[in-house]
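K.L.:
Kindly return the folded structure for what I paste below:
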Amino acid sequence: MAKCEMSTTQQSTRFSGTRRNCVRHCSSSGRRRDPEHFTTEVCILGNGPSAISLAYILNGNWPYYNGDPHPDSTLHGKLTEYSGSMSILEMDIQYLSESLEGRSDSPVALLFDALHHPNADIGADEPSRFHWRKNSHRKIPYLAVGKTIRPGGAWQAMGNDSLMTLSLNRWMEMPSMCFVDWLNSDDSRFSSESTRNLFAAATQAVNANSTNRSGTPSARGECFSQIPLTETGCARATMGDVTRYYETYCNVMGLDNNFLNSVFVDKVDRVCAGLNRNCESGEVENVTNHNCDKWWRIAAHRIIEPHPSTENIETSSNQIEIRCRYLVLATGTTDSANILGVPGENLPVVYHTLRQLETALQSQIESPPRDPVLIIGAGLNAADAIIYCRQRGVPIVHAFRDAVDSPTMIFKQLPKAVYPEYCEVYAMMKDSVGVGAHVTMATINHTNIATSSTDETDSVVDMGMADLISDANNSQPLMNGIDEVDEIINSENITNSSSISRYLQNYTAFSSCNVTRIYSDGRCILQGGNAAPLMVKCSHVAILIGSEPSLSFLDNWRSLLVDPELPISSRHNPLDVDPFTYESRRQPTLFAMGPVAGDNFVRFLKGGALAIARRIHQLKGNIN
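P.N.:
Predicted coordinates:
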């Protein structure tokens, strides 16, 4: 397996005391006051992979071409036109990225990926062409601000640590620290035996199915069937290992003291640069000047005893104010869960993240729910929830709006050799929907799901799925109140279903189906096409239909989108940024990277870090 590039300063010296590269304003006594005030050149809103990769470059680590021939002869020729002592940051990245093709719409992301993982899209495992050098005199003061308790951002809130990433493990890595080398190190605090076993199983499966090497790009931007087939480099990582990798990376690279974790941003606006603090009184004084240099002001507060998931957080009165010349939005895409917009969606039995569902089920570990969990959605988050519930023997009703054989199903683009757990979920979805009329919305007319036992009533009770599903006859309108629902449940038009296979006894899928109402006791109304409404009695409801960024802390943020008239979407309507600088086209000195700029994979977001760092150095006059 190819070796990864190593920085000459990988084991950089840690520092103590005040935060590096920023100024904390305090009274002459040195005591902190409320609010805390920080002044710095760059403030990154976010503490996930986007923020980490940018922090690494701002900390004085510059990328260089190591001179080894690149498989793309055109790119190699362009790179050799420059002096070997010139950093990629000092080169014309627009010229270098011309004609590059790949699975990202960002030319700089493609350039970074081509140098970091040459020929990755065709399954090659070639060494990086980057060489990283520490240029201490080129550091730019910065702070990274995030809600989670440790660096890693949304990866701290993914839920079950044993779940596997969608991307390959080496695509999750940051500059100068190879993920596979780190994972296979002797440090047992970080490398998990479960992951090693999963890697071995995945490699064996891939080798056994090595004929499946062709494929087309998926809707998620990856070509899943064109994958490396070399040793553990072909494997995926667990969520837990990715989280620990990012924590370790920040520590090893000396970045973590510039991260303000457990901080929630309330408001961002523009103010004059002048900020004077009277060191006798501790009072902050603004400089009034109509021609002043506008800086960014971030008002935030610390979170008391934050949970890694940032859910149900308790806030404090400990206010923070940060002023910076350049603001970078790296907030990810998990801030605002997508909602159905149906009555009852805000009830306590309803969750919008896997972690919330896990917490609820863990609180019932001594007495697991007998009624099923309703899981809504047909993406990978919903699949993860199905896997989690099945591992714990919790019965599942699965509802999703698309047809099970829809070409947009992500599962169709995942090779079984690499994604066996997701392919198994998809097989369940297809088998359950096709088992019989009792799961076909147009013809359903049943109330209980039983096993193949000769005594169906006892079997239903044992499964905890009695009165699972009830159907209203076709003449009934969609119910508007709980009394009408009760009347329909007790209707004599309901009959028992025939038995189904034991393989599906704890799982039933409803395709082409929408949930129209949720009641406080867990009863949910499902509607499919022109069929009658369907009642499902559930213990919990997990609505897992994706999420989008939230920029509500920023005034007039909609005007910054590609199309201000449409909702923000990391895939379809991100912030409108220059593709070579990632600076907002509508607001100078404001930058965006990661999902808010349209880069939805860790593999590609590092190009944004390169572009932003280069642009800030240009604005400061450090490079041309």
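K.L.:
Now the top helix by length along the chain: buried residues?
P.N.:
The residue-count maximum for a helix in the chain (DSSP state H) belongs to helix 602-619. Using 16 or more other C-beta atoms under 10 Å as the test for burial, helix 602-619 gives 602-617. To be clear about C-beta, it is placed using only N, CA and C from the backbone, and glycine gets the same treatment.
K.L.:
ditto for stretch 173-180
P.N.:
Counting neighbours by 16+ other C-beta under 10 Å, one finds that the buried residues in stretch 173-180 are 173-180.
K.L.:
Repeat that for stretch 564-579.
P.N.:
568-570, 573-577, 579.
K.L.:
and if you look at stretch 415-433?
P.N.:
415-419, 421-426, 428-433.
K.L.:
Please flag which of these sit within helices.
P.N.:
Short answer: the buried residues of stretch 415-433 in helices (DSSP H) are 421-426, 428-433.
K.L.:
In CSV: those residues, plus pLDDT and distance to Gly598.
P.N.:
CSV is the format used below for these (pLDDT from 0 to 100; distance: C-beta to C-beta, whole Å):
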residue, pLDDT, distance to Gly598
Glu421, 88, 28
Tyr422, 90, 25
Cys423, 91, 28
Glu424, 92, 32
Val425, 93, 28
Tyr426, 93, 27
Met428, 92, 33
Met429, 92, 30
Lys430, 90, 32
Asp431, 86, 37
Ser432, 81, 36
Val433, 70, 34
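K.L.:
Mind putting these into JSON lines with distance to Thr148?
P.N.:
Output for these, formatted as JSON lines (distance: C-beta to C-beta, whole Å):
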{"residue": "Glu421", "distance to Thr148": "26"}
{"residue": "Tyr422", "distance to Thr148": "26"}
{"residue": "Cys423", "distance to Thr148": "31"}
{"residue": "Glu424", "distance to Thr148": "31"}
{"residue": "Val425", "distance to Thr148": "28"}
{"residue": "Tyr426", "distance to Thr148": "31"}
{"residue": "Met428", "distance to Thr148": "33"}
{"residue": "Met429", "distance to Thr148": "32"}
{"residue": "Lys430", "distance to Thr148": "37"}
{"residue": "Asp431", "distance to Thr148": "38"}
{"residue": "Ser432", "distance to Thr148": "36"}
{"residue": "Val433", "distance to Thr148": "38"}
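K.L.:
Name the nearest of these relative to Arg129.
P.N.:
Distance to Arg129, by C-beta to C-beta, is smallest for Tyr422 among these, at 32.8 Å.
K.L.:
ok, the closest one - contacts?
P.N.:
Listed by C-beta atoms under 8 Å, 6 or more residues apart in numbering, the contact set of Tyr422 reads 380, 383, 410-411, 414.
K.L.:
between the residues you listed, which has the most around it?
P.N.:
The most neighbours of any of those, using other C-beta atoms under 10 Å, belong to Ala383, which has 27 neighbours.
K.L.:
From Ile396, how far out is Glu424?
P.N.:
The spacing between Glu424 and Ile396, counted by C-beta to C-beta, to the nearest Å, is 13 Å.
K.L.:
ranges for the helices of the protein?
P.N.:
So, for the chain - with DSSP H - the helices run 49-58, 73-79, 93-97, 107-116, 179-183, 193-208, 239-252, 354-362, 380-391, 420-433, 456-463, 482-489, 602-619.
K.L.:
And those helices: which comes nearest Val342?
P.N.:
Nearest of the helices of the chain (C-beta to C-beta): helix 482-489, 14.4 Å.
K.L.:
residues near the closest residue in space to His70 that isn't next to it in sequence, how many?
P.N.:
Spatially, and ignoring its direct neighbours in sequence, His70 is nearest to His76 (3.9 Å; C-beta to C-beta, 6 or more residues apart in numbering). Using other C-beta under 10 Å, His76 is surrounded by 15 other residues.
K.L.:
Verify the stated contact: His76 with Gly67.
P.N.:
No. Shown here, His76 and Gly67 do not form a contact pair, counting by C-beta atoms under 8 Å, at 9.4 Å.
K.L.:
between these two, what contacts are shared?
P.N.:
With C-beta under 8 Å, 6+ apart, His76 and Gly67 have no common neighbours.
K.L.:
Once you drop chain neighbours, what's closest to Lys267?
P.N.:
Closest to Lys267 by C-beta to C-beta, 6+ apart is Ala299, at 4.5 Å.
K.L.:
For that neighbour, give its distance to Ala330.
P.N.:
Here Ala299 is placed at a distance of 18 Å from Ala330 (C-beta to C-beta).
K.L.:
Repeat that for Asn257.
P.N.:
From Asn257 to Ala330 the distance is 18 Å (C-beta to C-beta).
K.L.:
and what of Arg614?
P.N.:
According to C-beta to C-beta, Arg614 and Ala330 sit 16 Å apart.
K.L.:
Likewise for Arg603?
P.N.:
To Ala330, Arg603 is 16 Å away according to C-beta to C-beta.
K.L.:
what do you get for Pro141?
P.N.:
17 Å.
K.L.:
Just want to know which of the two has more residues nearby.
P.N.:
Ala330 (31 against 20).
K.L.:
what's the burial count for the closest residue to His116 other than its chain neighbours?
P.N.:
Leaving aside its chain neighbours, His116 sits nearest to Ser128 (5.2 Å; criterion: C-beta to C-beta, 6+ apart). Ser128 sits with 23 neighbouring residues when counted by other C-beta under 10 Å.
K.L.:
Strands of the stretch 451-600 of the chain, start to end?
P.N.:
469-471, 507-510, 514-518, 523-527, 534-537, 540-543, 547-548, 590-592 (DSSP state E, counting those that start in this stretch).
K.L.:
Alpha carbons only: can I get the second one in PDB?
P.N.:
The C-alpha trace of strand 507-510 is given here as PDB (Å, rounded to 0.1, in the frame of the first residue of the first chain):
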ATOM      1  CA  TYR A 507     -39.900  -5.300   9.700                       C
ATOM      2  CA  THR A 508     -42.600  -4.000   7.300                       C
ATOM      3  CA  ALA A 509     -42.000  -1.400   4.600                       C
ATOM      4  CA  PHE A 510     -44.500   1.000   2.900                       C
END
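K.L.:
List the strands paired with it, with their directions.
P.N.:
Using DSSP bridges, the strands paired with strand 507-510 are strand 396-399 (parallel).
K.L.:
shaky segments in the stretch 1-150 of the chain?
P.N.:
For the stretch 1-150 of the chain, the stretches with pLDDT under 70 are 1-34.
K.L.:
those strands in it, which residues are they?
P.N.:
23-25, 36-45, 61-65, 130-134, 142-145.
K.L.:
now the stretch 301-450 of the chain
P.N.:
Under DSSP E, counting those that start in this stretch, the stretch 301-450 of the chain gives strands at 314-329, 336-337, 350-351, 373-376, 396-399.
K.L.:
Can you lay out those as a markdown table showing mean pLDDT?
P.N.:
What follows is the strands of the stretch 301-450 of the chain, written out as a markdown table (pLDDT from 0 to 100):
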| stretch | mean pLDDT |
| --- | --- |
| strand 314-329 | 84 |
| strand 336-337 | 81 |
| strand 350-351 | 95 |
| strand 373-376 | 96 |
| strand 396-399 | 94 |
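K.L.:
okay if I get those as JSON lines plus mean neighbour count?
P.N.:
Output for these, formatted as JSON lines (neighbours: other C-beta atoms under 10 Å):
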{"stretch": "strand 314-329", "mean neighbour count": "19"}
{"stretch": "strand 336-337", "mean neighbour count": "16"}
{"stretch": "strand 350-351", "mean neighbour count": "23"}
{"stretch": "strand 373-376", "mean neighbour count": "27"}
{"stretch": "strand 396-399", "mean neighbour count": "26"}
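K.L.:
In CSV, list those along with distance to Val515.
P.N.:
Below are the strands of the stretch 301-450 of the chain laid out as CSV (distance: least, C-beta to C-beta, whole Å):
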stretch, distance to Val515
strand 314-329, 31
strand 336-337, 15
strand 350-351, 10
strand 373-376, 6
strand 396-399, 6
